[in-house]
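Chemist: pasted the sequence and its predicted model underneath.
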Amino acid sequence: MSAINFYHLTRSTPEAALFQLLTKAYETGHRCVVRFAHEEDVAAYDTVLWTRDPEGFLPHGTPASKHVTDEPVLLTSSDENLNKADFAFIFPDAIVENIDFYERIFFLFEGASEGQVKEARERWKNLQAKGFEMIYWSQDETGKWSKKKT
């Protein structure tokens, strides 16, 4: 059964938090899918990940990539697991029906958005009722992640 992680962004932008979490997952050998609600977000984050760190490189692609099944990080608005990822990063409003495909799920949501907080609470309740292991992460004053609840 998948471990479900909720990341409450209170200090970082979604772009910065995603880059940090994806980099760590990639460096530890995990394949990742990042799920968005809209194709425009896929294109925007594709640009962000290519330009975020001029000194570093986070290999990734989209469903339009030539070798989509080989991408270590795939940005998509589809619920398919085209690159056989074991980690899934889910943004607000994105659909994720096949949770059991993944070892770990990361729901990212912004604390300043009342709608995103409400959606995260609903997802938490629904998944907890299904018996998933639930972990809630929040950022401290310095932006460091801290486990708050399981």
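Modeler: Noted; the coordinates are in hand.
Chemist: how distant is the lowest-mean-pLDDT helix or strand in the chain from the center of its chain?
Modeler: Least confident element among the helices and strands of the chain, by mean pLDDT, DSSP states H and E: strand 145-149 (a mean of 85). A distance of 17 Å separates the C-alpha centroid of strand 145-149 from that of its chain, computed with CA atoms, centre = their mean, to the nearest Å.
Chemist: and stretch 12-29, by the same measure?
Modeler: 9 Å.
Chemist: then stretch 134-145?
Modeler: 15 Å.
Chemist: going forward, count from 26.
Modeler: New numbering, starting at 26: the last item is stretch 159-170.
Chemist: using the three-state scheme, assign the residue positioned nearest the centre of the chain.
Modeler: The chain has F114 as the residue nearest its centroid, 1.8 Å off, counting by CA atoms, centre = their mean. Three-state secondary structure (criterion: DSSP: H, G, I helix; E, B strand; the rest coil) places F114 in strand.
Chemist: got the buried residues for stretch 133-151?
Modeler: Neighbour counts over stretch 133-151 (16 or more other CB atoms under 10 Å) mark 133-135, 141, 145, 148-149 as buried. For every residue, glycine as well, the C-beta is placed using N, CA and C.
Chemist: nearest to L99, of those?
Modeler: The shortest separation between L99 and any of these is 16.1 Å, and it belongs to L133 (by CB to CB).
Chemist: quick revisit: please name the bridge partners of the residue nearest to the centre of the chain.
Modeler: The residues listed as beta-bridge partners of F114 by DSSP bridges are V59, F131.
Chemist: correct me, but it touches R129?
Modeler: No. With contacts defined as CB atoms under 8 Å, F114 does not count as touching R129, sitting 9.4 Å away.
Chemist: now do the contacts for the nearest residue to D125 once chain neighbours are set aside.
Modeler: Using CB to CB, 6 or more residues apart in numbering and skipping the chain neighbours, the partner closest in space to D125 is S27 (6.1 Å). When contacts are counted by CB atoms under 8 Å, 6 or more residues apart in numbering, S27 is found next to 124-125, 127-130, 157-158.
Chemist: go again with 7 Å.
Modeler: Residues touching S27, when contacts are defined by CB atoms under 7 Å, 6 or more residues apart in numbering, comprise 124-125, 127-130, 157.
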